[in-house]
Structures are given as C-alpha cells and as structure tokens.
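>>> Pasting the sequence and the predicted coordinates here, then a few questions.
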Amino acid sequence: MSQQELQRVEVIALRRSGKISQAEAARRLGVSVRQVRRLEAKVAARGAAGLRSARRGRPSNRRLAAPVVAKVGTLIRAHYRDFGPTLASEYLQERHGLALSKETVRQIMITAKLWRPQRGAKARLHALRERRPRFGELIQIDGSSHAWFEARGPRCCLLVFIDDATSRLTQLRFVPQECTLGYMQALYGHIQQYGLPMTLYSDRHSIFRVNKGHASDDAMSQFGRALHSLGIESICANSPQAKGRVERANGVLQDRLLRALRLDGIDSIEAANNWLPHFIERHNARFAVAPFDAQDAHVPHPTRDDVRLRQILAKHYPRKLSPNLTCQFHSTLLQIRPPASGGSGLRGAAVTVLEHFDHSCEVLWRTTSLPHSTLQKPRAAPLEQGRQEITFTRRAVSTSPPRPNHPWKNSPIGKPSPEFIARR
C-alpha cells in the first residue's frame, strides 16, 4: 500500500473506534464527510484491503495505442535515429503531426533501444552571475570547430554571437577556420542589424588579445583595435564557465543545427550561411527569453551604412611607399596610380593597407583611399649567359678508423674504454 493509503487505514481505525469524529477524520484526510462514510463502509466490508486503489496493476487509460507507438518507433528509426528525445519530439510534431511529450518519446526510444539513459554529470560549483538586464548590453562570442556537414562537406568553424540578457542568437556564420576577418564580418552583420553593442565577452584567444609575454599593457590585436575604434568594450573570460551561455549554446547547436543541416541537405559553407537566418529565427522562438529591462542597449552607428564601418572592421597594416609608389603586401606589390598632379608628394608616405573580410585590399593615405593595382613580386634575376651556378657539396663523413697516433688517443683524459668505442 502507498503512504497515503496507510494513513487512511490509521485514520479510519481511529474513527471506527470512536476516538475521533467523522468531521475530524475528514479534516485529517482532506476529504468530505461523505467520503469518510464511504471509506468506513469499504473497511467494514473488505477490511483494510478495501482502501487499496482498484487501479493498481492495471494499464493506464491514457496510454498510447500500440499502433501509435509502433509508428513513432518506425519514424524515429528511419529519420531521427541519433536525435535526442527532446529534439525528436519537436520534429515529430512539426513534420508528422504527432504531439507527444519528450518523456513519452524518451520511453519509446528506450524500449526500441534507440536511447540509453544517461547518468547525470558530477555537480561542479561555480558562482552564478545574473543576466545583464538589457538586450545588447553584453554579447558573448565564441567559435565552435566541428564536423558540421558530417561526411557531406568540409570541417569548418561556426562563429556564435548570443545576447546575455535574452539568450537570442544575433549572428551565426560558418567560416573555414576561426580567424579575425570572420569575427569582423560577423560583427559587421550584427551592427547592420541591431547597432553597436556595449560589450563583447570572449575567451583569451589571440584574436581578441595579445598573449605574448613581452607585449606592453596597451597592446591590442586587430580585433581589439576595431572594437576600440567603435567604442565597444572587450572582456576576455578567464575560464569557459565564465562565458557559459555561449558554451552551452555551442552544445545545443552541435545537436540541433547539425541535424537540421542534414535534413535540409545542406553541404557547403556558402549555402549554410544563406540558410542560417531561417534557423536563427526558429531557434530564438524556442529558446529566447524576455529581458528584465525592455530598453535596447544598442547604439546606432552613425556610419553603419557607409564604407567607414567596413574600413574599421578590416585588418590594418602600416606600410611606407617607395619612390616609385609601391609597397609590399602578402608577397605581392601594390602599385599606387599617381594622381594628375604627379604624385611626388606620396614618395615615402606612410600609408595603411586594409584587408577587408571579403579579402579585397584598400590603401589609405590619411583618410583618402588611393587607387592601386596589384603586381606580382619579381623573382630573383636568372643567371647571365656563360655563367655557371656554384654549388657546394658536403664532404662525406669518413668511416675508416682513426690512426694510432691520433690526438684524441693521447688526450689527458685517457684511453677510451671498449664500451665507448663500441657505442661510437
């Protein structure tokens, strides 16, 4: 018998012995006086066994029909074999019209041996941090290298921007590898859509900070320089748990996004980047929460529709023009086209070469963009006719034993031991 049924036996026994009234028994059991009379009648007829539930041992009236269970198991085995119960229940409702709870799907998958119950992870204590109150006050960013296209495409990296206040994904972008230009392009898309965030929260990757020991305190990376120009604060976390929101988002995306890409047959970075806005909208509808403060913390960038924003979100390389108005950049020569005035004032001028996230180049002199062309760097001059190239050959190592009067045999250290000679 259950604990509730045992309590009923004790209270009804007190009532039948006259120690308490029917009203007191009803109060203790939380039922009506009429129900107490019914319970007394059951005990009088069948004893204490009359208070046992008559439904014990019977199948539930709300159980799923066997054909429905078989259909769900067939669908999961055919399409969602490696899905988790939560994700499988969502796709069953969306694509097949089967509205089942995740626990029901879990039990069906366990019975069909498609899911193994997992033990909970060991609890680790980390200090909790409250969410920032406003949308755009803190954006957590990270890169997740994974086989996103499984065997259908190349392994790549997903750049994730998630808001701390609302858990909204603001930007997702696939790049071949985690790099500065990829983050700059993702930040450009975020600014174009929402405006300037107050703070970006990242790890201690060399993209975000200078990790060399001999660097000065005010040294900044290319990405840090861009954030400083835009007035965005940068915070580098000391541990993965400190930026746990984006770390957990990476795990969710490796489960949900990977399978969504598979179901839609997407196998390339370009096609995935064009498809990602649809996934972001669907993901935010499922996981985003309302902020504590409805005010948006983003600040509109005054030139977000201008080329100035692209110039800031680019790699900057200082160069000096030669007398013939050229400078070297990535094993190529950039030839500046001289203006109508002759361009003599540009000889030896300090310029900045910008490498944009679409890998195009721009040469800035002060705030003016200089037109230029790209030339291949000339190779070393060929040998003149009649001259021969001088080659040096390494002398072969002698394998003959040394002569008896060799200097090392007469050294003050003494004659080498036979073991030493054998090792040589």
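Perfect, I can see it now.
>>> Ser167 and Phe149, how far apart?
26 Å (CB to CB, to the nearest Å). Placement of C-beta: from N, CA and C, glycine included.
>>> actually Arg155, not the one I typed
Counting by CB to CB - Arg155 and Phe149 are separated by 8 Å.
>>> out of the two, which sits in the busier spot?
A direct count of neighbours by other CB atoms under 10 Å for Arg155 and Phe149 places Phe149 higher, at 20 against 12.
>>> Could you check which helix or strand contains the more buried one?
Phe149 belongs to no helix or strand when assigned by DSSP states H and E.
>>> Hmm, it is touching Ile266, no?
Yes. Proximity of Phe149 to Ile266 meets the contact threshold set by CB atoms under 8 Å, at 7.3 Å.
>>> list residues touching both of these two?
Listed contacts common to Phe149 and Ile266 are Ala272; contacts here mean CB atoms under 8 Å, 6 or more residues apart in numbering.
>>> Please enumerate the strands of this protein.
Taking DSSP state E as the test, the strands found in the chain are 139-146, 156-163, 169-175, 199-202, 233-236, 315-320, 326-329, 332-336, 350-355, 361-365, 368-370, 372-376.
>>> Any chance of JSON lines for those strands, columns mean pLDDT, mean neighbour count and distance to Ala13?
Formatted as JSON lines, the strands of the chain follow (pLDDT from 0 to 100; neighbours: other CB atoms under 10 Å; distance: least, CB to CB, whole Å):
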{"stretch": "strand 139-146", "mean pLDDT": "94", "mean neighbour count": "21", "distance to Ala13": "62"}
{"stretch": "strand 156-163", "mean pLDDT": "96", "mean neighbour count": "23", "distance to Ala13": "61"}
{"stretch": "strand 169-175", "mean pLDDT": "96", "mean neighbour count": "22", "distance to Ala13": "62"}
{"stretch": "strand 199-202", "mean pLDDT": "94", "mean neighbour count": "21", "distance to Ala13": "64"}
{"stretch": "strand 233-236", "mean pLDDT": "93", "mean neighbour count": "15", "distance to Ala13": "67"}
{"stretch": "strand 315-320", "mean pLDDT": "94", "mean neighbour count": "14", "distance to Ala13": "85"}
{"stretch": "strand 326-329", "mean pLDDT": "90", "mean neighbour count": "17", "distance to Ala13": "95"}
{"stretch": "strand 332-336", "mean pLDDT": "90", "mean neighbour count": "18", "distance to Ala13": "97"}
{"stretch": "strand 350-355", "mean pLDDT": "93", "mean neighbour count": "18", "distance to Ala13": "87"}
{"stretch": "strand 361-365", "mean pLDDT": "91", "mean neighbour count": "17", "distance to Ala13": "92"}
{"stretch": "strand 368-370", "mean pLDDT": "89", "mean neighbour count": "13", "distance to Ala13": "96"}
{"stretch": "strand 372-376", "mean pLDDT": "86", "mean neighbour count": "12", "distance to Ala13": "98"}
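>>> So for stretch 264-283, mean pLDDT?
Across stretch 264-283, pLDDT averages out at 94.
>>> Tell me which residues are up against that stretch.
148-149, 152-154, 156, 169, 172-176, 256-257, 260-261.
>>> and of these, the nearest to Phe287?
Leu169 (8.3 Å; CB to CB).
>>> partner residues bridging that closest one?
Ile162 (DSSP bridges).
>>> Likewise for the one 5 residues further on?
Listed beta-bridge partners, Phe174: Leu158 (assigned using DSSP bridges).
>>> Next up, the contacts around the residue nearest the centre of the chain.
Taking CA atoms, centre = their mean, the centroid of the chain lies closest to Asn250, which sits 3.4 Å from it. Applying CB under 8 Å, 6+ apart, we find Asn250 in contact with 142, 144, 158, 160.
>>> try it again with 6 Å
Ser144 (CB atoms under 6 Å, 6 or more residues apart in numbering).
>>> How are the helices of the stretch 101-250 of the chain distributed by residue range?
102-111, 180-193, 222-230, 244-263 (DSSP state H, counting those that start in this stretch).
>>> I'd like these as CSV, with distance to Cys327 appended.
CSV is the format used below for these (distance: least, CB to CB, whole Å):
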stretch, distance to Cys327
helix 102-111, 61
helix 180-193, 20
helix 222-230, 18
helix 244-263, 39
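>>> Mean neighbour count, those: which tops it?
helix 180-193 (a mean of 20; mean count of other CB atoms under 10 Å).
>>> Now do it: everything it contacts.
For helix 180-193, using CB under 6 Å, 6+ apart, the contacting residues are 159, 161, 170-171, 173, 175, 207, 222-223, 301, 304, 313, 357.
>>> what about 7 Å?
Contact partners of helix 180-193, identified using CB atoms under 7 Å, 6 or more residues apart in numbering, comprise 141, 159, 161, 170-171, 173, 175, 207, 222-223, 226, 301, 304, 309, 313-315, 357.
>>> And Pro133, what's its pLDDT?
94.
>>> give the contact list for it.
Contacts of Pro133 (CB under 7 Å, 6+ apart): 165, 291-293.
>>> ok, 6 Å please
Contacts of Pro133 by CB under 6 Å, 6+ apart are 292-293.
>>> And Gln118, how far from Ile110?
From Gln118 to Ile110 the distance is 11 Å (CB to CB).
>>> Tell me how many other residues crowd Ala26.
So Ala26, with other CB under 10 Å, has 20 neighbours.
>>> residues touching it, list them.
32-33, 36.
>>> Give me the contacts around stretch 57-74.
So stretch 57-74 is in contact with 108, 112, going by CB under 6 Å, 6+ apart.
>>> what's the spacing between it and its chain's center?
39 Å (CA atoms, centre = their mean, to the nearest Å).
>>> Report the buried residues of it.
For stretch 57-74, a neighbour-count test (16 or more other CB atoms under 10 Å) marks 64, 69, 72-73 as buried.
>>> So the nearest residue to Ala48 once chain neighbours are set aside versus Lys42, what's the distance?
Nearest residue to Ala48, sequence neighbours excluded (CB to CB, 6 or more residues apart in numbering): Val9, at 5.0 Å. Per CB to CB, Val9 is found 11 Å from Lys42.
>>> low pLDDT regions in this structure?
1, 120-126, 303-305, 342, 378-394, 408-424 (pLDDT under 70).
>>> so how far is Leu364 from the residue nearest to Arg319 when sequence neighbours are not counted?
Using CB to CB, 6+ apart and skipping the chain neighbours, the partner closest in space to Arg319 is Cys327 (4.1 Å). To Leu364, Cys327 is 12 Å away according to CB to CB.
>>> cool, Pro59 as well?
Taking CB to CB, one finds Pro59 at 77 Å from Leu364.
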